[in-house]
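**Student:** Structure of the sequence below:
(chains A and B)
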2 protein chains.
Amino acid sequence: VASAEIITVGTELLLGQLVDSNTAEIAVALADAGIDVHYETSVGDNRERVTEAVRIALSRADCAICAGGLGPTVDDLTRDGIAAALERPLELDQAALTELRARFASFGRRMAENNVQQAMLPRGAIVMENPLGTAPGFIVDHGGKIVAAMPGVPRELRLMLKERLIPWLVERFQIRSTLVTRVLKTIGVGESDLDQRIADLFRDSVNPSIAVLAHVGTVDVKMTAKADTRAAAVALLDALEPQLRERLGDVIFAVDRGSIEEVAGECLRRRGWTIATAESCTGGLASAMITSVAGASDYFRGGVIAYGDEAKIAALDVAPDLLDRYGAVSEEVAAALALGAQAAFHATLALSITGIAGPGGGSAEKPVGLVYVALAGPEAKMDVRRLQLPGDREAIQRRAALAALTLLWKATR
Amino acid sequence: VASAEIITVGTELLLGQLVDSNTAEIAVALADAGIDVHYETSVGDNRERVTEAVRIALSRADCAICAGGLGPTVDDLTRDGIAAALERPLELDQAALTELRARFASFGRRMAENNVQQAMLPRGAIVMENPLGTAPGFIVDHGGKIVAAMPGVPRELRLMLKERLIPWLVERFQIRSTLVTRVLKTIGVGESDLDQRIADLFRDSVNPSIAVLAHVGTVDVKMTAKADTRAAAVALLDALEPQLRERLGDVIFAVDRGSIEEVAGECLRRRGWTIATAESCTGGLASAMITSVAGASDYFRGGVIAYGDEAKIAALDVAPDLLDRYGAVSEEVAAALALGAQAAFHATLALSITGIAGPGGGSAEKPVGLVYVALAGPEAKMDVRRLQLPGDREAIQRRAALAALTLLWKATR
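**Tutor:** Residues are numbered from 1 along each chain as shown, chains lettered A, B, ... in the order given. Predicted coordinates for the structure are as follows:
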């Protein structure tokens, strides 16, 4: 098995001014290609330390994969550091220079003289084009040890990594085995409940392996299969997935990508239904999530943020009597809010959320985290749920909005 | 000057399943204490590699600061790795064990047998308590070279770092010079405009140094002063701040902490004013930001998300004639929306936002990114701004909401 070390370059990383997300990006790509990573190192914009890091990496691994420090300024020293580690001179690379001039031309900008140094690469380097920026990347095959350098700008790095470096490494190391992952995204079930539902599969399934990753309000179940070919790995995933779906079918809302607001929006569009909202404790968050999806105007009619009782009465026609009798945080008022929004915006469906996000406003009877979500459907259908949500104000608001979107998704899928 | 290396431990870091934010947290604390960091290394849950990383770190620096791998499972190998690097045996530390038992008792949980190994520390270690979790940290002073280990859970690490490790290091290395930072948070001015306003100060001021950090919609100006005492460093900051305020006064909304929604909310509370909203293209985002602040119910009355024309007419009483004549994205409709919300919710002030967030819906005359924000004030005051915002849908929505909150803040401060 080929092995690699990751080296990220940038003084801001060691001052803590920037969190290093490039390492995770590179690590995932290498893992998916079946290349082991045992160490990652960050160094500042310092030639000697880049050299030292590359030397140590090559003493332990087959490849040193560097990110950052390829710009045109005097602080950009990754080229110099790698050249010194490999004891190769930097030379003007005509292919890189041509590429660089073409890039500037395509951006409609004049190339400054100091940009030429971005085309100074260690002798024998293979250029990796950078369609999204000026800094070209490169690979040096140094007697079987590989050093690669990519720009630190995340989107430039991501494209170069995927399109150029990984295919090159797979070819160079004749990697036959491949890892393929598939993520089942779930909502509306806690991590420990989910664990219990799949504990035996989780324990017994080695290939594909299963990992459970919890986020606020959603839990991902990630399957990873290893095989000689992509098709064989996919077949392993296809064999396991039905077993997971048998246990989790009702809570899986997407595979690999897609948010609950995108999935619910797609369901609404498919049915030709429209939606309106009435939010109290979430203050617009559920609506903002729905409308974060491009094209939401096809199904989102509008909403009211009815924070106080007065707003609930005036804007959504909630009977003052209900508020007096049951309080704003109650099943009855949740239902009335949903009906009010459905009528006001002439929507097929309406979601409402009312609760206590805290930190203040709780009582023994109605503690912080108590939330009602309601969905008014066609033909006078009404579904109200009572929830007791954990976490701080931000987490409660987010969980409440997600619970409302889950209710919507379940009614429209 | 004392030097340190950071070592983060966890296989998930090298598989890319987790972005390493602990490094930045530790790096900032060390920089603020005046300790240099030249290298950071991540290793998996592997005893030999932890040992190797600690050995290399101590060969180059005064301190190796480790995070992660202090749990009770067989995968938690940081204690073993450090002990091997220092050639010290692991011994049961009675202070750590007492601390551990007390911690479990305070959580009302029974301590399992495997937790005892969390109290097995390298001989001679100084225990660092962990009030937020079970894993104690520790420090070993190994003939002048320091090794420290902290848990990887970010909130546990943060507290231990600040309360225990940094004070210990400052004392141990007799650090006289101290770094103090102050951040002036600005809004409503672009990074390059801001650069121009302070270019000379930026260039000439060495101590305090000035750094400019851009986020979506806000820009931070960070001053860092170095002096023998905290008071002297603060005096340096106090001397520079008025010069920056002279250039930037109108765009600084907070110092060090506070979001624009918190600051604007505080202004509303102080004046005893209330606010309502009418959002179109932001779909509830501005309202969600306002209500993310605890206690927002003191001043937020409610809002309408008027996504379609019909909703603008029905819920906010916008004259159909205005929509026909000027279109929904216009100065006139922005003003009408704000007046509608002000009236509907009986609020002192009302904000409205209408625009084209994209990716669809733009035209030559009204391109994607065109947004109007309006603020209806007391005594029939009306302030409308026309903006052309850059970025994708998410960025345009966020920038539009921030522009509305900026308008609110400027009118209430």
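**Student:** What parts of the stretch 51-200 of chain A come near chain B?
**Tutor:** The stretch 51-200 of chain A comes close to chain B at residues A:53, A:56, as judged by Cβ under 8 Å from any Cβ of the partner chain. To be clear about C-beta, it is placed using only N, CA and C from the backbone, and glycine gets the same treatment.
**Student:** In the stretch 51-200 of chain A, what residue spans correspond to strands?
**Tutor:** With strands called from DSSP state E, counting those that start in this stretch, the stretch 51-200 of chain A shows them at A:63-67, A:90-92, A:120-122, A:126-128, A:137-142, A:145-150, A:178-187.
**Student:** Run through chain A and note the low-pLDDT ranges.
**Tutor:** Chain A contains no residues with pLDDT under 70.
**Student:** Would you mind giving the strands of the stretch 51-200 of chain A as JSON lines with distance to residue A:327 and mean neighbour count added?
**Tutor:** Below are these laid out as JSON lines (distance: least, Cβ to Cβ, whole Å; neighbours: other Cβ atoms under 10 Å in any protein chain shown):
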{"stretch": "strand A:63-67", "distance to residue A:327": "55", "mean neighbour count": "28"}
{"stretch": "strand A:90-92", "distance to residue A:327": "73", "mean neighbour count": "14"}
{"stretch": "strand A:120-122", "distance to residue A:327": "70", "mean neighbour count": "23"}
{"stretch": "strand A:126-128", "distance to residue A:327": "63", "mean neighbour count": "19"}
{"stretch": "strand A:137-142", "distance to residue A:327": "61", "mean neighbour count": "21"}
{"stretch": "strand A:145-150", "distance to residue A:327": "58", "mean neighbour count": "25"}
{"stretch": "strand A:178-187", "distance to residue A:327": "28", "mean neighbour count": "20"}
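**Student:** Can I get these in JSON lines including distance to residue B:266?
**Tutor:** Formatted as JSON lines, these follow (distance: least, Cβ to Cβ, whole Å):
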{"stretch": "strand A:63-67", "distance to residue B:266": "41"}
{"stretch": "strand A:90-92", "distance to residue B:266": "55"}
{"stretch": "strand A:120-122", "distance to residue B:266": "53"}
{"stretch": "strand A:126-128", "distance to residue B:266": "50"}
{"stretch": "strand A:137-142", "distance to residue B:266": "48"}
{"stretch": "strand A:145-150", "distance to residue B:266": "45"}
{"stretch": "strand A:178-187", "distance to residue B:266": "35"}
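**Student:** wait, which of those is closest to residue A:234?
**Tutor:** Counting by Cβ to Cβ, residue A:234 lies closest to strand A:178-187 out of the strands of the stretch 51-200 of chain A; the figure is 5.8 Å.
**Student:** Restricting to C-alpha, output that closest one in CSV.
**Tutor:** Provided in CSV are the C-alpha atoms of strand A:178-187 (Å, rounded to 0.1, in the frame of the first residue of the first chain):
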residue,chain,number,x,y,z
THR,A,178,-10.3,1.4,-4.5
LEU,A,179,-12.5,2.8,-1.7
VAL,A,180,-16.0,3.9,-2.5
THR,A,181,-18.2,5.5,0.2
ARG,A,182,-21.9,6.1,0.4
VAL,A,183,-23.6,8.2,3.0
LEU,A,184,-27.2,7.6,4.2
LYS,A,185,-28.3,10.9,5.7
THR,A,186,-30.9,10.5,8.4
ILE,A,187,-33.1,12.9,10.4
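**Student:** List the pairing partners of it within its sheet, with orientation.
**Tutor:** strand A:218-227 (antiparallel), strand A:252-255 (antiparallel) (DSSP bridges).
**Student:** For residue A:387, which of those strands is the nearest?
**Tutor:** strand A:218-227 (15.3 Å).
**Student:** Convert that closest one to PDB, retaining C-alpha atoms only.
**Tutor:** Output of strand A:218-227 as PDB, limited to C-alpha atoms (Å, rounded to 0.1, in the frame of the first residue of the first chain):
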ATOM      1  CA  THR A 218     -29.100  14.900  11.600                       C
ATOM      2  CA  VAL A 219     -27.000  11.700  11.700                       C
ATOM      3  CA  ASP A 220     -25.000  10.300   8.800                       C
ATOM      4  CA  VAL A 221     -24.400   6.600   8.300                       C
ATOM      5  CA  LYS A 222     -21.300   6.200   6.100                       C
ATOM      6  CA  MET A 223     -20.500   2.900   4.400                       C
ATOM      7  CA  THR A 224     -17.000   2.400   3.000                       C
ATOM      8  CA  ALA A 225     -16.300  -0.500   0.600                       C
ATOM      9  CA  LYS A 226     -12.900  -1.600  -0.600                       C
ATOM     10  CA  ALA A 227     -12.400  -3.600  -3.700                       C
END
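**Student:** what about that strand, distance to the chain center?
**Tutor:** Centroid separation between strand A:218-227 and its chain, computed with Cα atoms, centre = their mean, to the nearest Å, is 15 Å.
**Student:** Downstream of it, the next helix or strand is which one?
**Tutor:** helix A:230-248 (DSSP states H and E).
**Student:** Could you list the contact residues of the stretch 251-400 of chain A toward chain B?
**Tutor:** A:277, A:279, A:282-288, A:290-292, A:294-297, A:300-308, A:310-311, A:314-315, A:344-346, A:358-361, A:393-394, A:397.
**Student:** Buried only: go through the residues you listed for me.
**Tutor:** A:277, A:279, A:282-288, A:290-292, A:294, A:296-297, A:300-308, A:311, A:314-315, A:344-345, A:358, A:361, A:393, A:397 (16 or more other Cβ atoms under 10 Å in any protein chain shown).
**Student:** SS state for residue A:352?
**Tutor:** strand (DSSP: H, G, I helix; E, B strand; the rest coil).
**Student:** Residue A:363 now?
**Tutor:** coil.
**Student:** Number of residues surrounding it?
**Tutor:** 11 (other Cβ atoms under 10 Å in any protein chain shown).
**Student:** Residue A:262 too?
**Tutor:** Burial of residue A:262 is recorded as 19 neighbouring residues (other Cβ under 10 Å).
**Student:** How about the contacts made by it?
**Tutor:** A:254, A:293 (Cβ atoms under 8 Å, 6 or more residues apart in numbering or on different chains).
**Student:** Show me what counts as buried in the strand or helix carrying it.
**Tutor:** Secondary structure assigned from DSSP H and E places residue A:262 in helix A:260-271. Within helix A:260-271, the residues that count as buried by 16+ other Cβ under 10 Å are A:260, A:261, A:262, A:263, A:264, A:265, A:266, A:267, A:268, A:269.
**Student:** ok and it relative to strand A:218-227, angle-wise?
**Tutor:** 90 degrees (axes from the mean of the first three to the mean of the last three Cα atoms, to 10 degrees).
**Student:** Kind regards, and thank you for your time.
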